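> coords below, sequence missing:
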């Protein structure tokens, strides 16, 4: 199959079909008539032999079914944009397919409290045709996942996740979905990052096997050719995009996948996981810096395969307009259509430029929003200053927020001597002012239970020598409360001075708390199987109770970063970079 994919007339085509939003009379908003995209000259010359279709895509939704506080994002505005694009494409004789790169779960309390039901119901309403299975689909027990799949009127796709049935390994999800578009047979193949085995909740991924996406892709492509002989094949992945394939400690992503295949064997990969607008500088393999909505977007291309990703949270709808003629597929236009998202100047759309929100979608989702907010409005405390929980901070240094969370988890009926909190489990800041229940669930959205483990001092020394050396930038980088020690990053040793304010002794027994995720081996922490006791207390609930009991909180009271010192490292804040 010849699948040349020239990136022709991108800027002209992109500007010709951009959604233009304006304020009309009497203060009402409306979408202006969208300038129609026209077929390329070569497509017009091919006449009826030119097939036109559009792939629309989003990824890393993370519970954003409702618009933000400033009206940004949200499924209702997304529906307006999707309807407009579909109408335009249909009027030009084309067809559309809507795809999701996965990670529907985890991120917004209103969604988390309802097992993401509004999100999956909303996806049905918006007309999604297929979804890649993301690693955050495993943040819940299998009973919740089964319920979510029953709500979905579209398939969850992943060819490289297996479970055992009667002693045999079988695929847990559908590996691909076939579509008939403009007389062409399209195959959409789903793949999930094999890293899920490590970053997924060990309690919920136990018994599953995540195989190499590159190996599995070749296997599925052979199956497709033998059974269906599709005209075109597209990847729908949740694996991440990394510049020039440099994935570091992450599992191989979309670029590595494209390079592992025969040139043009997969026409395009629609991705997710790394939560980026994949817009590339010409011929460098590097990202456009500080991508903003007013800029054109050129997707990546490796080994004859286009690679696309639409940032996160429904901030954009990716739009790829394809033309197929003379036995070749051409990308006529690509753009990221903003959904009331930030401008490159760092602000949001003014009200008169906002995309109108689809009323039917609002009516469908409003009851879920109201239900979720009833409990979340409860004020439980007051922060005298901000507790910084930003990813680029908490994964690179100990912070008052991480230390406070670790301390809160030690406050069991029989208190523990010290606590450990992984930085990857901290997902938001607590702002200065009133603290509400919603803030707690934003900080800790994963519903891990708190475990308690007892160890003799000598064994604890060896254990902490592994945990405390987790490198800066990783989700396993640890925050400690109640322990004073020195970490030698070169010798890979720890020198414990005190625990719970008392001198450390190798012969004494100590109790410490740890999220169940890490106790089961998450973030490559040593597994504590048979040692860690599940307390039955959920991490967010413990933080909720702690804040409620203490009332007013001051980050200064938890600024104890000097109690854990790092030596022989490039940084005094932790091991590694």
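Noted; the coordinates are in hand. The model shown is predicted, which means the values in this text are computed figures rather than measured ones.
> And the helices in the stretch 451-577 of the chain?
Per DSSP state H, counting those that start in this stretch, the stretch 451-577 of the chain carries helices over the ranges 457-467, 516-519, 539-550.
> Quick one: closest of the ones you listed to residue 437.
Ranking these by their distance to residue 437 (criterion: CB to CB) puts helix 539-550 first, at 6.4 Å. From N, CA and C alone the C-beta is placed, and that goes for glycine too.
> Could you pull up the mean pLDDT of the closest one?
When pLDDT is averaged over helix 539-550, the result is 93.
> which helices and strands does that helix pack with?
Counting contacts by 3 or more CB pairs under 8 Å, 6 or more residues apart in numbering; DSSP states H and E, helix 539-550 packs against strand 379-383, helix 400-408, helix 437-443, strand 449-456.
> ranking these by burial, who's on top?
helix 400-408 (a mean of 26; mean count of other CB atoms under 10 Å).
> what's the angle from that one to strand 379-383?
In terms of direction (axes from the mean of the first three to the mean of the last three CA atoms, to 10 degrees), helix 400-408 departs from strand 379-383 by 130 degrees.
> other SSEs contacting helix 400-408?
Judged by 3+ CB pairs under 8 Å, 6+ apart, helix 400-408 is in contact with strand 418-422, strand 478-481, helix 539-550.
> and that helix, average pLDDT?
On average, helix 400-408 scores 98.
> what sits up against it?
For helix 400-408, the external contacting residues (CB atoms under 8 Å, 6 or more residues apart in numbering) are 387-389, 394, 418-421, 423, 426, 429-430, 443-444, 479-482, 513, 539, 542-543, 545-547, 553, 555-561.
> Check those residues for burial and list the buried ones.
Buried by 16 or more other CB atoms under 10 Å: 387-389, 394, 418-421, 423, 426, 429-430, 443-444, 479-482, 513, 539, 542-543, 546-547, 553, 555, 558, 560-561, out of the contacts of helix 400-408.
> Helix or strand with the lowest mean pLDDT in this protein?
Ranked by mean pLDDT, DSSP states H and E, the helix or strand of the chain with the weakest confidence is strand 21-23, at a mean of 32.
> Which stretch among the helices and strands packed on helix 400-408 approaches residue 111 most closely?
Closest among the helices and strands packed on helix 400-408, using CB to CB: helix 539-550, at 14.2 Å.
> Give me the angle between the closest one and strand 379-383.
70 degrees.
> Let me know which of the helices of the stretch 451-577 of the chain is tucked in deepest.
Comparing the helices of the stretch 451-577 of the chain by mean count of other CB under 10 Å gives helix 516-519 as most buried, with a mean of 26.
> Which parts of the stretch 151-300 of the chain are helices?
Assigned by DSSP H, counting those that start in this stretch, the helices in the stretch 151-300 of the chain fall at 196-199, 202-205, 213-227, 254-260.
> Report the residue spans of the stretch 101-250 of the chain with pLDDT below the cut-off.
248-249 (pLDDT under 70).
> need the contact list for the residue of the chain most remote from its centre.
Of all residues in the chain, residue 507 has its C-alpha farthest from the mean position, at 44.0 Å, by CA atoms, centre = their mean. Contacts for residue 507 (CB under 8 Å, 6+ apart) come out as 456-458.
> hmm, try it at 7 Å
456-457 (CB atoms under 7 Å, 6 or more residues apart in numbering).
> Now it. Its backbone dihedrals?
phi -90, psi -10 (degrees, to the nearest 10).
> give me the low-pLDDT residue ranges for the stretch 451-577 of the chain?
577.
> ok, now with 80
Along the stretch 451-577 of the chain, the parts satisfying pLDDT under 80 run over 530, 536, 577.
> What residues of stretch 234-245 count as buried?
Buried residues in stretch 234-245 (16+ other CB under 10 Å): 234-242, 245.
> Figure out how far that stretch is from the centre of its chain.
Remark: stretch 234-245 is offset 13 Å from the chain centroid, using CA atoms, centre = their mean, to the nearest Å.
> What is the end-to-end distance of that stretch?
End-to-end distance of stretch 234-245 (CA to CA, to the nearest Å): 19 Å.
> Number the chain from 27, please
Yep, numbering from 27; the last one is stretch 260-271 now.
> Looking at the helices and strands packed on helix 426-434, spot the one closest to residue 150.
helix 565-576 (28.5 Å).
> ok and the closest one relative to strand 444-448, angle-wise?
130 degrees.
> want to try a markdown table for the helices and strands packed on helix 426-434, with distance to residue 119 as columns?
Shown next, in a markdown table, are the helices and strands packed on helix 426-434 (distance: least, CB to CB, whole Å):
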| stretch | distance to residue 119 |
| --- | --- |
| strand 444-448 | 53 |
| strand 504-507 | 58 |
| helix 565-576 | 51 |
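> Go through the helices of the stretch 477-603 of the chain and name the closest to residue 248.
Per CB to CB, nearest to residue 248 of those: helix 542-545, 36.5 Å.
> Could you list the domains of this structure?
Here the domain assignment for the chain is 77-397, 403-593, based on automatic domain parsing.
> any chance of those in CSV, plus distance to residue 600?
Formatted as CSV, those follow (distance: least, CB to CB, whole Å):
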stretch, distance to residue 600
domain 77-397, 15
domain 403-593, 4
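> For residue 65, find the nearest of these.
domain 77-397 (6.4 Å).
> Would you mind measuring from the spatially most central residue of the chain to residue 264?
With distances taken as CA atoms, centre = their mean, residue 86 lies nearest the centre of the chain, 4.2 Å away. For residue 86, the distance to residue 264 equals 8 Å [CB to CB, to the nearest Å].
> Could you name every residue contacting both of those two?
Common neighbours of residue 86 and residue 264 (CB under 7 Å, 6+ apart) are 127, 129, 298.
> Compare those and tell me which is most surrounded.
Highest neighbour count within the shared contacts of residue 86 and residue 264, by other CB atoms under 10 Å: residue 298, with 33 neighbours.
> show me the contacts for the closest residue to that residue other than its chain neighbours.
Closest residue to residue 298 apart from its sequence neighbours, by CB to CB, 6 or more residues apart in numbering: residue 127 at 2.7 Å. Residue 127 makes contacts with 83, 85-86, 158, 262-264, 296-298, 335, as judged by CB under 7 Å, 6+ apart.
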